[in-house]
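Colleague: need the 3D shape of this:
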Amino acid sequence: MKNILDEQSRLRKTYQKQVDVKPADITVVSPDEQFIYQAMEILEKNLSNPDFSVEDMSRALFMSRVTLYKKLLALTGKTPIEFIRSFRLKRAAQLLEKSQLTIAEVAYEVGFNSPKSFSKYFKTEFNLSPSSYPAGKKKDQKTGELS
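Modeller: Model (predicted):
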């Protein structure tokens, strides 16, 4: 009888060790971070669409245009139009740096209707023309921002 009880105890310990239930690590994401992530995901899907507007973005995020304006301004310091444009220009900078596309192709790829307006906004954002961007970009040592 003692041997049977010892055997059951040994088996119980063996199986308890093998089936150690641990919850998965969780990551806590604030609602504001989640909102920005969703906004960027929507922009990514509509990047090459030159007709994508603030209204389209607000609809995709299930909020009014005014609420979107206030929330983006509070979180990023940018209006929705500036947020969309900045996102497109940053993607354009990546494309100029890593692809063999022409400036016009990049402009259309990121949703600008004309290379001329693309160049104007690009120069405003990065203080460089698109044609001199990959070679002329410099990072500020203190902030890490492109200058």
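Colleague: and the one residue sitting closest to the centre of the chain, what does it touch?
Modeller: Nearest to the mean C-alpha position of the chain, counting by C-alpha atoms, centre = their mean, stands Met40 at 4.6 Å. Contact analysis of Met40 by C-beta atoms under 8 Å, 6 or more residues apart in numbering lists Phe87. C-beta: built from backbone N, CA, C; applies to glycine.
Colleague: pretty sure it belongs to a strand, no?
Modeller: No. Per DSSP: H, G, I helix; E, B strand; the rest coil, Met40 lies outside any strand segment and is helix.
Colleague: for it, give its distance to Asn113.
Modeller: Per C-beta to C-beta, to the nearest Å, Met40 is found 22 Å from Asn113.
Colleague: so the residue nearest to the centre of the chain versus Ser131, what's the distance?
Modeller: In terms of C-beta to C-beta, Met40 sits 27 Å off from Ser131.
Colleague: check the burial of Arg85 by counting its neighbours.
Modeller: Arg85: 19 surrounding residues under other C-beta atoms under 10 Å.
Colleague: oh, that last question was meant for Glu44, not what I typed.
Modeller: 10.
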